[in-house]
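Starting from these lines, generate the structure:
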Amino acid sequence: MAGYLPKSVRRKELMTAIREVLAGGEYFPPAIHAKLRNRSTRATLNEREMTILRLIIGGRSNKEISTDLKIAEVTVKFHITNILKKLDVADRTQAAMAAISRGIVHLE
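Numbers count the residues shown, from 1 in each chain. Below you'll find the model as predicted:
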């Protein structure tokens, strides 16, 4: 992504953004830049957590995930707890929505 500007952008900021992008850089308003920086400092999901997250998005229950991955259901719950913390969400549904909206997981 080269940048983002809201519809309410002022002419001076628009010109600054155009110059920055044309020079090969990126441009984001300070408030959006702060949000993006904050998002990128969050812990990343490991391979197992990503697998479990994809199965959650696919509608699998903890028991089904446990069977699919040949791991204990308590281990699935442990991984889900880590996923919720890392994504800063309260439940599986929010984790699925956050992962999709943040581009962590893409629907096929």
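
Can you give me the domain assignment for this structure?
Split into domains by automatic domain parsing, the chain comes to 11-40, 47-101.

Could you dump the ones you listed into JSON lines and include distance to Tyr4, mean pLDDT and mean neighbour count?
The C-beta positions use only the backbone N, C-alpha and C, and glycine is treated the same way. Output for the domains of the chain, formatted as JSON lines (distance: least, CB to CB, whole Å; pLDDT from 0 to 100; neighbours: other CB atoms under 10 Å):
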{"stretch": "domain 11-40", "distance to Tyr4": "5", "mean pLDDT": "81", "mean neighbour count": "12"}
{"stretch": "domain 47-101", "distance to Tyr4": "15", "mean pLDDT": "95", "mean neighbour count": "16"}
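
what would those look like in TSV with distance to Gly3?
Formatted as TSV, the domains of the chain follow (distance: least, CB to CB, whole Å):
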stretch	distance to Gly3
domain 11-40	4
domain 47-101	19
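
closest to Ala2 out of those domains?
domain 11-40 (4.8 Å; CB to CB).

Output the contacting helices and strands for the longest helix along the chain.
Looking across the chain with DSSP state H, the single longest helix is helix 73-87. Applying 3 or more CB pairs under 8 Å, 6 or more residues apart in numbering; DSSP states H and E, we find helix 73-87 packed against helix 47-57, helix 62-69, helix 92-101.

Just tell me which of those ends up closest to Pro30.
helix 92-101 (22.2 Å).
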